[in-house]
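Engineer: Just the structure for this:
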Amino acid sequence: MEPPLTLAALRQDGATTTIERAGQYLGISKAAAYRWAKRGDIPTVRLGRTIRVPVEPLIRLVDPTVLPASTPARKRKAKATA
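Structural biologist: Below is the predicted model:
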């Protein structure tokens, strides 16, 4: 089994990654990653015949305190004064 992926390496995959890479990030085998995905323990999305793992939900699964890679600045609406 390969060493676990770093957070930065996982984010370089883009918005989604493979089940194998998700398993590397979690430190589990390829077979275990597929089992976890089938059970719903790893979030997945189906793109045609391909099953991918959304990166940000995977990261939050491991560490809920990690912020998304690109957090857009939120604009506050100005309060109307009477």
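Engineer: then the longest helix belonging to the chain to CSV, C-alphas only?
Structural biologist: As assigned by DSSP state H, the longest helix anywhere in the chain is helix 30-39. The C-alpha coordinates for helix 30-39 follow below in CSV (Å, rounded to 0.1, in the frame of the first residue of the first chain):
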residue,chain,number,x,y,z
LYS,A,30,-8.1,0.0,-2.7
ALA,A,31,-10.4,-2.9,-1.9
ALA,A,32,-11.4,-1.3,1.4
ALA,A,33,-12.0,2.1,-0.4
TYR,A,34,-14.4,0.4,-2.8
ARG,A,35,-16.2,-1.3,0.1
TRP,A,36,-16.6,1.9,1.9
ALA,A,37,-17.8,3.7,-1.2
LYS,A,38,-20.4,0.9,-1.8
ARG,A,39,-21.6,1.2,1.8
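Engineer: Summarise which helices and strands it is packed against.
Structural biologist: Under the contact definition 3 or more C-beta pairs under 8 Å, 6 or more residues apart in numbering; DSSP states H and E, helix 30-39 sits against helix 19-26. (Glycine included, C-beta is placed from N, CA and C.)
Engineer: As PDB, could you dump the C-alpha coordinates of the helix it packs on?
Structural biologist: Provided in PDB are the C-alpha atoms of helix 19-26 (Å, rounded to 0.1, in the frame of the first residue of the first chain):
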ATOM      1  CA  ILE A  19     -11.900   5.900  -5.300                       C
ATOM      2  CA  GLU A  20      -8.300   4.600  -5.200                       C
ATOM      3  CA  ARG A  21      -6.900   8.100  -4.400                       C
ATOM      4  CA  ALA A  22      -9.500   8.600  -1.800                       C
ATOM      5  CA  GLY A  23      -8.400   5.300  -0.200                       C
ATOM      6  CA  GLN A  24      -4.800   6.500  -0.300                       C
ATOM      7  CA  TYR A  25      -5.900   9.700   1.500                       C
ATOM      8  CA  LEU A  26      -7.700   7.700   4.100                       C
END
